[in-house]
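Visitor: any chance you can model this:
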Amino acid sequence: MSAYYYQETNGHNGMAYQQQQQQQSYGGGGYPQQNSVDDYMVPEEEWEREAVLDPAWERQQKKTFTAWCNSHLRKVGTAIENIDEDFQNGLKLMLLLEVISNEQLVKPDRGRMRFHKIANVNKALDFIMSKGVKLMVGAEEIVDGNLKMTLGMIWTIILRFAIQDISVEEMSAKEGLLLWCQRKTAPYKNVNVQNFHTSFKDGLAFCALIHRHRPDLLDYNKLTKDDPLTNLNLAFDIAEKHLDIPKMLDAEDMVNTVRPDEKSVMTYVSAYYHAFAGVYKVFKRIFHLNIKADEKVVMTYVSSYYHAFSTTQKAEQAASRICKVLSINQENEQMMAEYERLASDLLEWIKQKRPWLENRATDNTLSGTQAKLGDFRDYCRSQKPPKLSQKAKLEIDFNTLQTRLRLSNRPAFTPTEGKLIANIVDAWKGLELAEKGFEDWLLRELRRLERLDHLAKKFQHKCDIHEEWSQGKTDLLQSSDFKKCSLNDLRALSRKHLAFESDLAAHQDRVEQIAAIAQELNVLGYDQITSVNQRCQKICNEWDVLGDLTHKRRVALTEAERIVERIDSLFLEYAKKAAPYLNWLDGAREDLVDMFFIHTLDEICGLMEAHNQFKATLGEAGAEYKNIIRLVNDARQTCLDHGLELTPNPYTNIQPDEITTKWNEVQTLVPQRDQDLQTEYLKQQQNERFRLQFAQKANVVGPWIERQHEHLQQLTIQVVGTLEQHQKKLEAMETNVVQYRPHIDELEKYNQQIQECMIFENRHTPYTMEVIRVAWEQLNTQLTRQIAEIKNQIYTLEKKGISEEQMNDFRAAFAHFDKSRSRRLDPKEFRSCLIACGYNIREDRQGDVDFQRIMANVDPTQTGFVTFELFLDFMTRECSEEDSVDQLTLAFKTLSGDKPYITAEILQRELPPDQAEWCMRRMKSYAGVDSVAGAYDYKTFSSALYGESDL
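Guide: Below you'll find the model as predicted:
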């Protein structure tokens, strides 16, 4: 039976569900927005004069509106060819208005001058405005052949005379026409009418409307969604040939246009409505008359069967009823105990884990932080998933128990204090809040500790080099040896001091680097920062002292410079070249043994490029080395030539052997540096492969999980087929998800490889393991919850005797008003849903009182929302017969032979042993004057089962 027939036989004003309508048809709270005629007929913004109409839409509108006009003009033996030209003189426009309105317009002017045409068009426009239509078009624009404004005028006429009169459940014409299409096409596969453009593009919606009313004209099952051109042409041809509906649309335009013109489609669909609506109402009335006549005959005949067999089976039925009631109570008690146990266990586990996750402190060591990261991974993989499943089971069991209690008219189950579902959800939210960012914090901490270790070693290395260089410099600068030296020695000391100043300036950068590294260690919170600061301060103080002493010695040597003779130019040149060159050698040695800390292939490539540039300068450095050694050799050769003893160079302490040693050391370190950089380059290549390996898998797993979420959302919103079939679909999807688990495990293995290699960024994929892990857990939880809800609905069908069609109507009505898809309705949405389901709730004070009484019944705990389970329970109570205290009391009275008490002997004889024993333990002794030994009070026992008690 269709939703329309169910509406009338049920006695309400609309138990049929209004299927999904366009979002803009409703305002806040889900109430339909009733548009007045004046508001509805105001021209739309897209007809404004300056706008440019889309060429495809203009072509469709011109063809459709021309066909519509000719469908009326042919009644008086005329037609139009060009809509922008044939209405210019106003004559056919006035004729069209007379045909569609069945009214006589004023006599037109027959002249051919422009003012005659304007006058005729104005008469037509005045007639349209007399019907309550507000026009934004002038007669001059129609006379001038303005196509866009002519189309706008014709659309306004179509709205007023062809669409405005369409009425479906007091909705506006457009909304009513859309709802009519949705209702008519609801049973058809691949048809989902949501608008008047893309929903009709494949032609199946037109074919479904024809087949719904005239199944003899086409075979819908042979049509496919993949051949829209055939579908559209078939519908247009049948409508024109058999239904007298002119072909207003072009199949090729519909298919080739991304978004067909809404006004053209709406005009054509309105012709279907006018062709079918009247015939449908007649057949529906005849059908209902036949239903009522047959029902009385059948009821009279069946009643004779009932009276013939009811007496002999009364006792058997009474015992069966009691067994059924007792069995339900026993199962409910078991579920309550299991819920309490699981809730206690889960809350205790959360209480233990939350402080550990909230602790953001480490022992400030690399190994300790790595161990903590390993513990967290074990928590995410091994400890949390079972508890998440336990939480989901708790929610499912609680909802199932409450559903069973409501369906059997038992009081709602209230867990002990602190174990409500809300308490468990709050505790779990607290756990996830503590967990949020824990892993990121650990990884950041690891990077920080590695950086600290690198900087500390670099600091020590630079300090060792500087202290080695500065050793003895203070004593040398404080020496007064120049006072005891000869004139030549004093001049030599002066030039030696000049070389030292050059060396001192060259070491300024190293001291600044040491201070900068110490500052960074302070910022990063190095655990041995005290010793670092002390050593840095000592070096800086010594450097200041060196500067002061250097200045003082320079002043003293300047005073004695009058007695300094010309120093051997060869030694002086050697001193000037040797100090910077030796400093360059020291810097090169530092760079060659400097440790590097990188994470990407680009960084190592940059280091290798810099190293290659350094190697390019070795040729020039080698030439400089030969030049310096040549100066020493020249000095030695000069002494030999003149028979002199070679004395130490008075200008510098740098020996040629030292330069040679360090130059050879630099040449040895260069290939070692090449090898270290190559090793690091291979390591970064491996890291890049790990990144690509993870990204390739994540880019497959991530979209798969997203598609599963979308599929589950579709199954949740729209149930196709029976509930058992829908349950099998969900279970099949659950099997598919379980079978996909190895892909998640494989991705976890790749993620572990990445983290073990200290890889922190991956530019090849937008997905991280945490994102995929959360999406996977949500998919499993939602799928489990949806299967449990379907099972509860199946249980409701069996318990209440409700038909599958009624259940689908309830579900569809709820889903329609559940705009946020939160599976709950606020009071305004629930009220709208009740009105849509046929409840006469008036918009006045009495209506508010009636609705508050319903809310108190549906939402006794005053949560302010109506969940789907509460809504389903309310609707099933309204549509079915339920067990009650009176029925159970009558059953006991039947067993006891109409006595006010029942004996143990009767209970043991009529009930199963375990249920008989269960009753005797809970029944009170009968205290009436006619009591006998072993008599039990079954009336108070029955009341306790359906009222508040400690059962």
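
Visitor: got a list of contacts for stretch 534-547?
Guide: For stretch 534-547, contacts defined as C-beta atoms under 8 Å, 6 or more residues apart in numbering pick out 459, 463, 466-467, 470, 473-474, 477, 504, 511, 514-515, 518. Where C-beta positions appear, they are placed from N, C-alpha and C, glycine not excepted.

Visitor: could I get those residues in CSV, plus columns for distance to L178?
Guide: Shown next, in CSV, are the contacts of stretch 534-547 (distance: C-beta to C-beta, whole Å):
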residue, distance to L178
F459, 75
C463, 81
H466, 84
E467, 87
S470, 89
K473, 94
T474, 95
L477, 97
L504, 89
V511, 81
I514, 78
A515, 76
A518, 74
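
Visitor: just give me the closest of those residues to D826.
Guide: If you rank the contacts of stretch 534-547 by distance to D826 using C-beta to C-beta, A518 comes first, at 62.1 Å.

Visitor: could you report the neighbour count for D594?
Guide: As a burial measure, D594 scores 12 neighbours (other C-beta atoms under 10 Å).

Visitor: contact partners for it?
Guide: D594 touches K458, H461, counting by C-beta under 8 Å, 6+ apart.

Visitor: how close does it get to Q513?
Guide: 11 Å (C-beta to C-beta, to the nearest Å).

Visitor: now Y268
Guide: Relative to Q513, and taking C-beta to C-beta, Y268 is found at 81 Å.

Visitor: neighbour-wise, which of the two wins?
Guide: Y268 (23 against 15).

Visitor: quickly find the element holding that one.
Guide: Y268 is part of helix 262-309, with elements assigned from DSSP states H and E.

Visitor: elements contacting the helix or strand that comes right after that helix?
Guide: Per DSSP H and E, the first helix or strand lying C-terminal to helix 262-309 is helix 314-358. Counting contacts by 3 or more C-beta pairs under 8 Å, 6 or more residues apart in numbering; DSSP states H and E, helix 314-358 is packed against helix 384-407, helix 421-435, helix 885-895, helix 904-910, helix 913-922.

Visitor: output those in JSON lines; the columns should cover mean pLDDT and distance to Y681.
Guide: Listed next are the helices and strands packed on helix 314-358 as JSON lines, based on pLDDT from 0 to 100; distance: least, C-beta to C-beta, whole Å:
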{"stretch": "helix 384-407", "mean pLDDT": "84", "distance to Y681": "39"}
{"stretch": "helix 421-435", "mean pLDDT": "82", "distance to Y681": "38"}
{"stretch": "helix 885-895", "mean pLDDT": "81", "distance to Y681": "84"}
{"stretch": "helix 904-910", "mean pLDDT": "86", "distance to Y681": "88"}
{"stretch": "helix 913-922", "mean pLDDT": "88", "distance to Y681": "77"}
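
Visitor: export those helices as CSV, with columns for mean neighbour count and distance to V137.
Guide: Shown next, in CSV, are the helices and strands packed on helix 314-358 (neighbours: other C-beta atoms under 10 Å; distance: least, C-beta to C-beta, whole Å):
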stretch, mean neighbour count, distance to V137
helix 384-407, 18, 60
helix 421-435, 15, 60
helix 885-895, 19, 71
helix 904-910, 17, 85
helix 913-922, 15, 82
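
Visitor: can you redo these as TSV with distance to R114?
Guide: Output for these, formatted as TSV (distance: least, C-beta to C-beta, whole Å):
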stretch	distance to R114
helix 384-407	76
helix 421-435	76
helix 885-895	87
helix 904-910	101
helix 913-922	98
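
Visitor: can you pull the contacts of the residue nearest to A139 when sequence neighbours are not counted?
Guide: Distances taken as C-beta to C-beta, 6 or more residues apart in numbering put V121 closest to A139, at 3.9 Å, once the chain neighbours are dropped. Neighbouring residues of V121 by C-beta under 8 Å, 6+ apart: F87, Q88, G90, L93, A139, I142, V143.

Visitor: can you say which of these are buried?
Guide: F87, Q88, G90, L93, A139, I142, V143 (16 or more other C-beta atoms under 10 Å).

Visitor: return the closest of those residues with respect to E609.
Guide: I142 (75.7 Å).

Visitor: so for G864, which of the helices and strands packed on helix 314-358 sits nearest?
Guide: Proximity to G864 (C-beta to C-beta) singles out helix 421-435 among the helices and strands packed on helix 314-358, at 13.5 Å.

Visitor: tell me what the closest one is packed against?
Guide: helix 314-358, helix 384-407.

Visitor: mind doing that once more with 6 Å?
Guide: helix 314-358 (3 or more C-beta pairs under 6 Å, 6 or more residues apart in numbering; DSSP states H and E).

Visitor: so how far is the helix it packs on off the chain centroid?
Guide: Averaging C-alpha positions (C-alpha atoms, centre = their mean, to the nearest Å) puts helix 314-358 34 Å from its chain's average.

Visitor: list the contacts of Q693.
Guide: Y750 (C-beta atoms under 6 Å, 6 or more residues apart in numbering).

Visitor: part of a strand, is it?
Guide: No - according to DSSP: H, G, I helix; E, B strand; the rest coil, the state of Q693 is helix, so it is not within a strand.

Visitor: so for it, what's the pLDDT?
Guide: Looking at Q693, its pLDDT stands at 86.

Visitor: same deal with K799?
Guide: Among the per-residue scores, K799 holds a pLDDT of 63.

Visitor: picking that back up, just the buried ones among the contacts of V121: which are in helices?
Guide: L93, A139, I142, V143 (DSSP state H).

Visitor: out of these, flag the one nearest to R491.
Guide: I142 (113.4 Å).

Visitor: how far away is the closest residue to E395 other than its chain neighbours from L347?
Guide: What sits nearest to E395 in space, not counting adjacent residues and going by C-beta to C-beta, 6+ apart, is I421, at 6.1 Å. Distance, I421 to L347, by C-beta to C-beta: 12 Å.

Visitor: and the helix or strand where L229 lies, what does it pack onto?
Guide: Using DSSP H and E, L229 sits in helix 228-242. Using 3+ C-beta pairs under 6 Å, 6+ apart as the contact test, the elements touching helix 228-242 are helix 204-213, helix 251-256.

Visitor: which residues touch it?
Guide: 202-204, 206-207, 210, 217, 223, 245, 247, 251, 254-255.

Visitor: using PDB, write out every CA atom in it.
Guide: In PDB, the C-alpha atoms belonging to helix 228-242 read as follows (Å, rounded to 0.1, in the frame of the first residue of the first chain):
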ATOM      1  CA  PRO A 228      20.300   9.400 -20.900                       C
ATOM      2  CA  LEU A 229      19.700  10.400 -24.500                       C
ATOM      3  CA  THR A 230      17.500   7.300 -25.200                       C
ATOM      4  CA  ASN A 231      15.700   7.800 -21.900                       C
ATOM      5  CA  LEU A 232      14.900  11.400 -22.600                       C
ATOM      6  CA  ASN A 233      13.700  10.800 -26.200                       C
ATOM      7  CA  LEU A 234      11.500   7.900 -25.000                       C
ATOM      8  CA  ALA A 235       9.800  10.000 -22.400                       C
ATOM      9  CA  PHE A 236       9.300  13.000 -24.700                       C
ATOM     10  CA  ASP A 237       7.900  10.800 -27.500                       C
ATOM     11  CA  ILE A 238       5.500   8.900 -25.200                       C
ATOM     12  CA  ALA A 239       4.300  12.100 -23.500                       C
ATOM     13  CA  GLU A 240       3.600  13.800 -26.800                       C
ATOM     14  CA  LYS A 241       1.900  10.700 -28.400                       C
ATOM     15  CA  HIS A 242      -0.100   9.300 -25.500                       C
END
